[in-house]
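Undergrad: Following is a predicted model, sequence given first.
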Amino acid sequence: MQGVLIPAELRTRLRELRFTARHPAFGLGWGQHPGRSRGAGLEFEQYRAYEPGDEPRRVDWKLYARSDRFFVREAARDSPLSVWVLLDASASMSQADAARPAYSKFAAAKLLAACLAEIATLQGDSCGVASLSSAGIAVVPSGSGPRHRDRVWLALERLSAQGAWPDSAQLAPLWERLSPETVVVILSDGFDAALPVFATGLAAARRQVYSLGLISCEERDFPFEGGYVFVDPETGAECRSDAQSTRTEFLARFQAARAQLARQFARSGIRHVDHCLDEAPDVPLRQLLARA
Amino acid sequence: MIQFLAPAGIAAAAALVVPVVVHLVRRSDRRELRFAAMRYLRARPHPRARLHLVRPLLLALRVGLLVGLAALLALPVWRSRAAAAPPWVVVAPGIDALAARAAVHAPLAEWHRLVTGFPVLPDGRDAAALAIDAQLAAAPVPIHSLLRQLDRDLLPTVALSIVVPENLANLDAERLQIAHAATWLPLPGFSPVPPSPGAGADAPLAIAVRYDAAGASELPVVRALGAAWAADGRSITWSIAAADVPLPATATWVFWLGDAAPQTLQTLQARARTGGLVVVAPTVGEAVLSGPDRPILRAQTMGLGRLFEFTAPLRADALPDVLAADFPRRLWTALTAPRRIPASAPARSVAPLATTREAWAPAESLEPPLALVLALLFLLERLVATGTGAGPRLRAGKGA
């Protein structure tokens, strides 16, 4: 569990973070979020006319005294929220910095996923995890409670990044699990052009989508010198290049691509935050889950 | 001035090619790097038209290291020109200290006695020192050897004056050559000579005499010689017998009278080689005893011993000299004279020859300091090579 284990101080800081439902949830059971279902609760919602079969204790007797009619008092029931964490498990996520070779983007994504599961568990919501790769889609079904959180952590520990981003046929079964009003957090580097398409599709279908873009420091700074043969981990394609002479151009293109991605997400109402591997893991979470 | 004792070691500097080539080869161009954001990169290889040295500082360190190693192999020494030094006067044994000082005018010179250790020559104020010096002056020394040692050890700028007796002894076979500016000053006198190791007068002697038919006629002369030597007080044991009687092992001298067959001569020569002295009647070798008109006895060194041959049979009719009154004594002297090696000569005839040698002071080896410098260079090279440069070279700070 060492890779995913959340450091103690980070776990403490996670207590301040909360998922909030943007729309009233429609989930079953009890939760902490405004729900769409009516019933017994604290928050008054409406009166409706008495129908046979209603419990007499739910009749508002004071109103009956004033109006001489039976009204039943209804409250909005607080609903639980369902959180799904989608991990990009394509090979490009295995990129790590030379300064910290063990902490790849995928390791960071696993840590963030563990944090999200912890937050969901703390506020009593259910949480599911799926790792998406063309090599296969691994899913931990949605569930709640500390034991489920531990299950999620254990599953995260076994994940590894390989292959490419899955095509839409592979992703189709996932749609069935992500019901509307679900909070979906996508942890990815966003290099694959199919990812924003998938994310905007989810957002358009009334899923509450957050995107967390993971960038390694070397991708951000391009600190290389001399000639290199750059190898794409997903396709194996090679590119012989001199780092100094290509730095400016690379940085310009990379930043343009990030800005394009951010615009694309913003248009679809997806909150997107970029996270560099040298930052503390709770910083992007704080930005992502900040109340609007 | 730096000199190299083994200049061929410089050839090791040819190894410089290795680091230069290593730094010219663009290993970096073949470094593979997995880079997920490669899709934003464009191929832009290094320009290959001109030579490009990778990491020039490291190259300079490595070149310096190799040059230093090559210099180390060439055995570097530091030599400086010798400083001026006062002249020396060395006085050989056989010359009295005060006589030498009186004869040679050299007020600034250092005076030394030419014996082992080169002690200072007393100037007459200290009687005890004079007495010790007189003892030294009476002992024989190997003059040539001592002068060669002096020539090697003294600073090259020292002028030498060598005071020697006119009659030098104890010389060796090599003509003396001196690189210093040397003055050869023979003064009247004699070199002390070691006592000759000749046989003592009273040493008992065993002489075996063998004769054949022809030699029997020489027996009276041999007997007369024996009588004459006995009258001189020599104690001699004689063993006189015919040729076929074997020689006693104790016989120091052998007289063979008569014709010596080649086989017999071989036996006698073998005996002479083991240290004996053999006298045969006729005929080769250097004349060591001559009569008024012709040589009588020839001698030949043979191994440890000697072989003498008379030029004529020992008979009064063939060799009238045997009748002379002093013949036995002269013959004894000739037979017992020690073998002489020409070791003495008039001093003027053996003046040292001058050779040239550059006036360098003794060389100091530069290897220890150079080795230290090389060790430091190596340490620095390792630091530079394995420091920030290991693996992909990262720019300091956050680039762009």
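TA: Yes, it's here. Numbering: from 1, shown residues only, chains lettered A, B, ... in the order given.

Undergrad: For the rest of this, base every contact and every neighbour count on C-alpha atoms.
TA: Will do.

Undergrad: Residues of the stretch 1-150 of chain B that sit close to chain A?
TA: B:28-46 (C-alpha under 8 Å from any C-alpha of the partner chain).

Undergrad: show me where pLDDT drops low in chain B?
TA: Judged by pLDDT under 70, chain B has its weakly predicted residues at B:26-29, B:46-50, B:194-203, B:275-276, B:281-292, B:338-342, B:359, B:388-400.

Undergrad: And the helices in it, which stretches?
TA: Ranges of helices within chain B are B:17-24, B:56-73, B:97-103, B:127-138, B:143-153, B:219-231, B:262-273, B:327-336, B:367-386, based on DSSP state H.

Undergrad: Pick the most buried one from these.
TA: Comparing the helices of chain B by mean neighbour count (mean count of other C-alpha atoms under 10 Å in any protein chain shown), helix B:56-73 ranks first with a mean of 19.

Undergrad: which outside residues touch it?
TA: For helix B:56-73, contacts defined as C-alpha atoms under 8 Å, 6 or more residues apart in numbering or on different chains pick out B:4, B:6, B:9-13, B:15-16, B:19-20, B:23, B:367, B:370-371, B:374, B:377-378, B:380-381, B:384-385.

Undergrad: One more pass at 6 Å, please.
TA: By C-alpha atoms under 6 Å, 6 or more residues apart in numbering or on different chains, the surrounding residues in contact with helix B:56-73 are B:G9, B:I10, B:A12, B:A13, B:E381.

Undergrad: now the residues of the stretch 1-150 of chain B next to chain A: which count as buried?
TA: The neighbour-count test (16 or more other C-alpha atoms under 10 Å in any protein chain shown) marks B:28-29, B:32-42, B:44-46 as buried among those.

Undergrad: Out of the residues you listed, which sit inside strands?
TA: Among those, DSSP state E puts B:E32, B:L33, B:R34 in strands.

Undergrad: Tell me which residues touch the first one, please.
TA: With contact taken as C-alpha under 6 Å, 6+ apart, B:E32 is in contact with A:Y228, A:V229, A:F230.

Undergrad: Could you dump those into a markdown table with neighbour count added?
TA: Shown next, in a markdown table, are the contacts of B:E32 (neighbours: other C-alpha atoms under 10 Å in any protein chain shown):
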| residue | neighbour count |
| --- | --- |
| A:Y228 | 25 |
| A:V229 | 22 |
| A:F230 | 26 |
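
Undergrad: which of those residues are close to chain B?
TA: Among the contacts of B:E32, the residues lying close to chain B (C-alpha under 6 Å from any C-alpha of the partner chain) are A:Y228, A:V229, A:F230.

Undergrad: where in chain A is pLDDT low?
TA: Residue ranges of chain A with pLDDT under 70: A:1-4, A:23-32, A:34-42, A:77-78, A:292.

Undergrad: isn't B:F308 right up against B:A299?
TA: Yes. Shown here, B:F308 and B:A299 form a contact pair, counting by C-alpha atoms under 6 Å, at 4.4 Å.

Undergrad: Can you pick out the residue with more neighbours from these two?
TA: For B:F308 versus B:A299, neighbours defined as other C-alpha atoms under 10 Å in any protein chain shown are more numerous around B:F308 (27 against 21).

Undergrad: Now for the more buried one: which residues touch it?
TA: B:F308 is in contact with B:V279, B:R298, B:A299, counting by C-alpha under 6 Å, 6+ apart.

Undergrad: Could you check how far it is from B:V280?
TA: 6 Å (C-alpha to C-alpha, to the nearest Å).

Undergrad: and if you look at A:I186?
TA: Counting by C-alpha to C-alpha - A:I186 and B:V280 are separated by 128 Å.

Undergrad: what comes into contact with the helix or strand harbouring A:V273?
TA: Using DSSP states H and E, A:V273 maps to strand A:271-276. Counting by C-alpha under 6 Å, 6+ apart, strand A:271-276 makes contact with A:Y210, A:S211, A:L212, A:G213, A:L214, A:I215, A:S216, all of which sit outside it.

Undergrad: Try it again at 10 Å.
TA: Residues outside strand A:271-276 that contact it (C-alpha atoms under 10 Å, 6 or more residues apart in numbering or on different chains): A:105, A:108, A:185-190, A:208-220, A:258, A:261-266, A:281-289.

Undergrad: If we go by neighbour counts, what in that strand is buried?
TA: Within strand A:271-276, the residues that count as buried by 16+ other C-alpha under 10 Å are A:R271, A:H272, A:V273, A:D274, A:H275, A:C276.

Undergrad: The fifth one - nearest residue in space that isn't next to it in sequence?
TA: When you say that, I think you mean A:H275. A:L214 (4.9 Å; C-alpha to C-alpha, 6 or more residues apart in numbering or on different chains).

Undergrad: How about the contacts made by that neighbour?
TA: Residues in contact with A:L214 (C-alpha under 10 Å, 6+ apart) are A:93, A:104-106, A:108-109, A:187-191, A:273-277, A:284.

Undergrad: List the ones among these that fall in helices.
TA: Among the contacts of A:L214, the members falling in helices (DSSP H) are A:K105, A:F106, A:A108, A:A109, A:P284.

Undergrad: if I look at the first one, how far off is chain B?
TA: A:K105 sits at a distance of 10 Å from chain B (criterion: C-alpha to the nearest C-alpha, to the nearest Å).

Undergrad: what number of residues lie near that residue?
TA: Taking other C-alpha under 10 Å as the criterion, the count of residues near A:K105 is 28.

Undergrad: In contact with the closest residue to it other than its chain neighbours, which residues?
TA: Leaving aside its sequence neighbours, A:K105 sits nearest to A:M93 (C-alpha to C-alpha, 6+ apart; 5.1 Å). Contacts for A:M93 (C-alpha under 10 Å, 6+ apart) come out as A:87, A:104-109, A:160-164, A:187-191, A:214-216, A:233-234, B:36.
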